[in-house]
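J.: sequence plus predicted model, see below.
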Amino acid sequence: MKARHFLPLLSAVSLSVAAQIPLTEAQMMKYTSQAQKTSIGKAAQLNLSLNSQFATANAINQTVISQTVSHPNASYIKLHFKNINLQNGGKLVVRSEDGSERYEYTEFNMSTATKAQGDDGISSFYAMSVSADKVIVEYTPGQINNTLQAQSQIALADAEIDSYYHGTENDFLESIETDIDIASTCGAMERRDVQCWANSNPTEFERSRPVARLLMNGSGLCTGWRVGSDNRMFTNNHCVESASELANTEVWFNYQHTSCDGNTLESVVKVTGKDLLKTDYTLDYTLFTINDFAKAAPFGYFGLDVRDATQGERIYIPQHGSGNPKELSIGSDRDANGLCSVNNANANGRGTGTDLGYYCDTIGGSSGSPVLAAATNNVIALHHLGGCTNKGAKISLIWPQVSSHFNGQVPSGDNGTIDPQPIADFDISCNLLSCSFDGSRSTSPNGTITQYEWQYGDGSTNDFGSSVSHTYASTGQYSATLTITDETGATASKTNTLAVNDGTDPKLLKDGEAKTGLNGAKYDEQFFYFDVPAGMSGATIVITGGTGDVDLYVRKGNEPTRTTYDCRPYRWGNEETCTVSSGAGRYHVMLRGYSAYNGVSLTATAN
């Protein structure tokens, strides 16, 4: 194992010790007056031109300008554009390399854009972040009088990507502590991946659905959550304190792993902040709305518990501490019963007697999380401060200030009452231009799936059936879509991107045939793929020989990244093996230089 992977262990020891240091009241009051959001990103200048030098003509003879922006090891990239012309048919697409995350901007649809100070939100704006370290930009300038006249060419020359933010979470693997170095991990660290509670605590797991991660101004991190059935969300005032800050805020729903402590994320849904309805410094809350509200509907909503909390009553906190995929704090080794509880029902926060105090673990980025009363599974406090005890502003005090935005009716949560929707999912296995599609992984909690409908993305006639086959006419990248219908009439769709070839693609690995003489510089990335046919259990990928040090990453279905993969051996040198037994389908391979390397061989074998 390479030494760079030991760093988080050293950090964890130091934070655990710091968490035990008690705070004086004076220290706590100083802390509460200076609470601020955690940062997980950095700004970078770019000044990358979007002019005719990079233009090609598409199928209908429109100018399309393409650029690629990369930042090695970034957890996300958020691009800023200026002098963009979207009038009269202009279009800007910002997407991941594999097309799994894609945002389109036109003069009639800017809902996924955010605005910083000085932006007009039309010609200058930030695009929605893309969770990758490489982003593709495709820009079709708008026409003037239906032609690209000379004056539009001048505007075209000025269009550019002038800067961007990049996520730094992958650079700093150690936990991010909260503001002003005051710890909020009380005793042993007991925040756990939310999926780890799914079986043992299904109610608490289900009640984590409405929680979202917030990304403010390209780099700030907090937590927010839906409240009530209408378009309403809560976070802290020290996270979002103004309408201008909300205009540059992203809201990420479903940012969580698919399995306990896993490496694969659920499908994340990103929307943007819309209207700031009410905010208050002392109680440290902001109530706001979001754009594209319908996209948030599947994740449910919380109710409010407006009573005074009881000393010792059980609580729990779903959160996005440290920018992590969703976590849940249920246990507390500082409480006699081992469960998170209200340890001070009348604590001081930014005001006297405004808060609840508890030893339930939080961390930087947990600001804005809901504190739920286990007795009602409704939100009884809004977490905002650390220090052990940690603090949440009382909902009983917040409610009178915001009740008019709920027509005076205390909102109830859905608490599992929403009829669960079916989930479409499928596997793809390709051999050159011929592909098999298997939708048997799709599920419906309502009963039997009655129809599977397939679109192959090449203009061919739709197919039906849980498992189908299709042969593409030519090499290329296609988007295949499965739509399922269950016996109640509910539907769900899933789209996967696939690439097929005629056997001449240099990135294709053939069974048992070594690619030799592979070279690369430090941090350079090379990508290959291997198709495992139906009936086989998986693939074994081997690198060997040569000089230097290259790292092997393997992932089924999508290209691996530094943080998302199915196998990574973590060994010195170039002797590494990955065996992944995930059935038939496409296995993607990344070689990344830990240092410069030369003369390496790569072989893939179906098992």
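T.: It's in. Computed from a predicted model, the values in this text were never measured in an experiment.

J.: contacts for stretch 566-581, please.
T.: Around stretch 566-581, the neighbours that count as contacts under Cβ atoms under 8 Å, 6 or more residues apart in numbering are 1-2, 5, 263, 537-556, 560, 582, 587, 597, 600, 607. In short, each C-beta sits where N, CA and C put it, glycine included.

J.: any idea of the mean pLDDT in it?
T.: Here stretch 566-581 scores 91 as its mean pLDDT.

J.: how long is it end to end?
T.: 10 Å (Cα to Cα, to the nearest Å).

J.: start at 6, not 1
T.: Understood, numbering begins at 6; the last thing we discussed is stretch 571-586.

J.: how far off centre is that stretch?
T.: 26 Å (Cα atoms, centre = their mean, to the nearest Å).

J.: buried residues in that stretch?
T.: By 16 or more other Cβ atoms under 10 Å, the buried positions in stretch 571-586 come out as 571-573, 578-579, 581, 583, 585.

J.: again, but for stretch 494-502
T.: By neighbour count on 16+ other Cβ under 10 Å, the buried set for stretch 494-502 is 495, 497, 499, 501-502.

J.: any chance of the residues you listed in JSON lines with secondary structure as columns?
T.: Compiled in JSON lines, the buried residues of stretch 494-502 are given as follows (DSSP: H, G, I helix; E, B strand; the rest coil):
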{"residue": "Ala495", "secondary structure": "coil"}
{"residue": "Ala497", "secondary structure": "strand"}
{"residue": "Lys499", "secondary structure": "strand"}
{"residue": "Asn501", "secondary structure": "strand"}
{"residue": "Thr502", "secondary structure": "strand"}
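
J.: wait, Arg597 sits on Val559?
T.: No: the criterion here is Cβ atoms under 8 Å, and Arg597 misses it with Val559 at 12.0 Å.

J.: looking at those two, which is more packed in?
T.: Higher neighbour count among Arg597 and Val559: Val559, with 27 against 22, using other Cβ atoms under 10 Å.

J.: any idea how far that one lies from Ala341?
T.: The gap separating Val559 from Ala341 is 47 Å, by Cβ to Cβ, to the nearest Å.

J.: among the contacts of stretch 571-586, which are located in helices?
T.: Counting by DSSP state H, the contacts of stretch 571-586 place none of their members in helices.

J.: sort out which of those residues are buried, if you could.
T.: Those of the contacts of stretch 571-586 that meet the buried threshold are 543-548, 550-551, 553-561, 565, 587, 592, 602, 605, by 16+ other Cβ under 10 Å.

J.: run through the strands of the stretch 6-155 of the chain in chain order.
T.: 43-44, 46-54, 60-62, 68-75, 82-87, 96-101, 107-110, 130-131, 139-145 (DSSP state E, counting those that start in this stretch).

J.: let's have those strands in a markdown table, adding mean neighbour count, mean pLDDT and distance to Ser441.
T.: Converted to a markdown table, these look like this (neighbours: other Cβ atoms under 10 Å; pLDDT from 0 to 100; distance: least, Cβ to Cβ, whole Å):
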| stretch | mean neighbour count | mean pLDDT | distance to Ser441 |
| --- | --- | --- | --- |
| strand 43-44 | 19 | 74 | 46 |
| strand 46-54 | 15 | 90 | 41 |
| strand 60-62 | 12 | 68 | 34 |
| strand 68-75 | 16 | 89 | 32 |
| strand 82-87 | 23 | 96 | 34 |
| strand 96-101 | 20 | 93 | 25 |
| strand 107-110 | 18 | 94 | 26 |
| strand 130-131 | 24 | 96 | 41 |
| strand 139-145 | 21 | 92 | 28 |
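
J.: closest one to Phe469 among the ones you listed?
T.: Among the strands of the stretch 6-155 of the chain, strand 107-110 comes nearest to Phe469, with 26.8 Å by Cβ to Cβ.
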